[in-house]
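Asker: predicted structure and sequence below. I'll ask about it afterward.
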Amino acid sequence: MPTFVYMTRCDGCGYCVDICPSDIMHIDETYRRAFNIEPNMCWECYSCVKACPQNAIDVRGYADFAPLGHSVRTLREEEKGTISWKLKFRDGREKSFVSPIRTTPWGSIRPPGDYESPSPDGLRTQELAHEPEALHVDRLPTLTKDKLKRGVL
Amino acid sequence: MFETNPFSALFDTISPTVMQAFVLSMIALVVAGTLFDLAHKKSARYFFENARRNRGTRTIGTAEKVSLVLKTALVDWLAAGEFCNSQRRIAHLLTMYGFLAYIVATVAMVFGHPETADDTPVIWPLLWHLGALLVFIGGCWFWLLQRVDVAAEGRSRFRVVRADLFILALLANVTAALIWSYLLSDGRGGWSNIALGLYLTSAMILFGSVPWSKFSHMFYKPAAAFQKRVEDANGSRANLPLPVDAPATLGSARTPPANY
């Protein structure tokens, strides 16, 4: 479901350009509004749709599962911590959903920069950096040779 | 320099009628360019079709429509309320008010006081210079530092694309105007004629390039802002969900992206 931009709503702020993980939202060279340069590469993450302060980005469904005439719109209200969805089917039915953006208070999760740099010895273990304490568990299950079935090694 | 009508220096060599005809032809170019743009891009048709599609669930009365027009004028147009980025908003307001002051003062000086410099009230040349300065500051701030293709896409700030035609023509015009006024006040006739040539050329590019530049956005954007307010009022909201009435428990203020 590639994204597209309502040019009359877009004010060219660039939030979608900044957030797009595929780097396919760019600024048009004629009108200085955002546009999707490569719809085939859009992975439908909805990041730009949610980030757009003008609600100027919409998603066009592929015709095989989202027939023409439908609408899927989302509204991000960060001050309330909610994401709302409104689905409108082409026969007129509507469905609405509201989800929390997160379930923990803002600032309660330590960003990676707050952790100490992992030691090079960590490369010899199967654990990722700061595991297991970052996961709030004592230890992670580790696969050892004696647990493998005969014939695997 | 700031208190002298720069056009009065031209009245000895150029008839006021010719200068007034030039200003009128620039206005005519803007009107013709915008109408051509409307027809070519079918913008008006798009607006009306959009309005028909988003009629909503309730009818808006005349009083409410007037209130929406006033809100659009006061918030979206005069205060540039649609901008979410405060720096862009300030730069836009500087450029917009500077341009309005510059244009109004130009028309007042060319049409209202075409005889000698002494006739011109000080307010008009002051407004003309102040307007040009505001456009220069706001325009340079936007073009050099705030363009998204520069700030977010990492492009060179000196890369020029078609979208820059309007802002660069505007900047060239006010810069040439200020230089021309300075050279006139300094008594450098030859150099001031070169600056005058640049001033007139950039004016012709600015007002003559409406179909290819972003000039007409100053007419389209208020119309789009009004349509957005109508859609919110009539309940269609462009199919957007209604705002949540839940208490703000885990929310936060929006922070501008700063990944680059």
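Answerer: Arrived safely, thanks for sending. Numbering: from 1, shown residues only, chains lettered A, B, ... in the order given.
Asker: flag every residue of the stretch 1-150 of chain B that's near chain A.
Answerer: B:46-47, B:50, B:82-85, B:88, B:147-149 (C-beta under 8 Å from any C-beta of the partner chain). C-beta: built from backbone N, CA, C; applies to glycine.
Asker: the strands in chain A, which residues?
Answerer: Here chain A has its strands, by DSSP state E, at A:3-5, A:25-27, A:34-36, A:57-59, A:71-77, A:82-88, A:94-100.
Asker: run through chain A and note the low-pLDDT ranges.
Answerer: Along chain A, the parts satisfying pLDDT under 70 run over A:1, A:62-67, A:151-153.
Asker: need the contact list for whichever residue of chain A sits closest to chain B.
Answerer: Across chain A, no residue is closer to chain B than A:Gly14, which sits at 3.2 Å (C-beta to the nearest C-beta). Residues counted as contacts of A:Gly14 (C-beta atoms under 8 Å, 6 or more residues apart in numbering or on different chains) are A:27, A:34, B:148, B:151-152, B:257.
Asker: ok, back up a step: how about the strands of chain A in a markdown table, adding mean neighbour count and distance to B:Tyr102?
Answerer: What follows is those, written out as a markdown table (neighbours: other C-beta atoms under 10 Å in any protein chain shown; distance: least, C-beta to C-beta, whole Å):
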| stretch | mean neighbour count | distance to B:Tyr102 |
| --- | --- | --- |
| strand A:3-5 | 20 | 32 |
| strand A:25-27 | 24 | 27 |
| strand A:34-36 | 24 | 30 |
| strand A:57-59 | 21 | 35 |
| strand A:71-77 | 19 | 39 |
| strand A:82-88 | 18 | 44 |
| strand A:94-100 | 12 | 49 |
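Asker: for the ones you listed, give me JSON lines that also has distance to B:Met218.
Answerer: Putting the strands of chain A into JSON lines (distance: least, C-beta to C-beta, whole Å) gives the following:
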{"stretch": "strand A:3-5", "distance to B:Met218": "20"}
{"stretch": "strand A:25-27", "distance to B:Met218": "19"}
{"stretch": "strand A:34-36", "distance to B:Met218": "20"}
{"stretch": "strand A:57-59", "distance to B:Met218": "24"}
{"stretch": "strand A:71-77", "distance to B:Met218": "29"}
{"stretch": "strand A:82-88", "distance to B:Met218": "33"}
{"stretch": "strand A:94-100", "distance to B:Met218": "37"}
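Asker: how many other residues sit next to residue 144?
Answerer: Assuming you mean chain A. 8 (other C-beta atoms under 10 Å in any protein chain shown).
Asker: hmm, I had chain B in mind actually
Answerer: So B:Leu144, with other C-beta under 10 Å, has 11 neighbours.
Asker: could you confirm it falls within a helix?
Answerer: Yes - checked against DSSP: H, G, I helix; E, B strand; the rest coil, B:Leu144 lies within a helix.
Asker: how far away is it from B:Gly154?
Answerer: In this view, B:Leu144 and B:Gly154 are 15 Å apart by C-beta to C-beta, to the nearest Å.
Asker: now, of the residues of the stretch 1-150 of chain B next to chain A, which are buried?
Answerer: Among the residues of the stretch 1-150 of chain B next to chain A, the ones that count as buried by 16 or more other C-beta atoms under 10 Å in any protein chain shown are B:47, B:82-83, B:85, B:88, B:147-149.
Asker: OK, contacts around whichever residue of the stretch 51-200 of chain B sits closest to chain A?
Answerer: The stretch 51-200 of chain B approaches chain A most closely through B:Val148 (3.2 Å), counting by C-beta to the nearest C-beta. Applying C-beta under 8 Å, 6+ apart, we find B:Val148 in contact with A:12-14, A:17, A:27, A:32, A:34.
Asker: ok, back up a step: format the strands of chain A as JSON lines; extra columns: distance to chain B.
Answerer: Formatted as JSON lines, the strands of chain A follow (distance: least, C-beta to the nearest C-beta, whole Å):
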{"stretch": "strand A:3-5", "distance to chain B": "13"}
{"stretch": "strand A:25-27", "distance to chain B": "5"}
{"stretch": "strand A:34-36", "distance to chain B": "8"}
{"stretch": "strand A:57-59", "distance to chain B": "8"}
{"stretch": "strand A:71-77", "distance to chain B": "5"}
{"stretch": "strand A:82-88", "distance to chain B": "4"}
{"stretch": "strand A:94-100", "distance to chain B": "6"}
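Asker: excluding its backbone neighbours, what's nearest the residue of the stretch 51-200 of chain B closest to chain A?
Answerer: A:Gly14 (3.2 Å; C-beta to C-beta, 6 or more residues apart in numbering or on different chains).
Asker: run through the helices of the chain in chain order.
Answerer: Since no chain was named, I'll use chain A. If DSSP state H is used as the criterion, the helices of chain A fall at A:15-19, A:47-51.
Asker: switch to chain B, that's the one I care about
Answerer: Using DSSP H, helices in chain B cover B:16-41, B:43-53, B:62-71, B:86-107, B:123-140, B:148-151, B:165-185, B:189-208, B:217-234.
Asker: looking at these, which is nearest to A:Arg124?
Answerer: Of all the helices of chain B, helix B:148-151 sits nearest to A:Arg124, with 42.6 Å by C-beta to C-beta.
Asker: so is stretch B:228-238 next to chain A?
Answerer: Yes - interface with chain A: stretch B:228-238 contributes B:228, B:238 (C-beta under 8 Å from any C-beta).
Asker: mind listing what's buried along that stretch?
Answerer: B:228-231, B:233-234, B:236-238.
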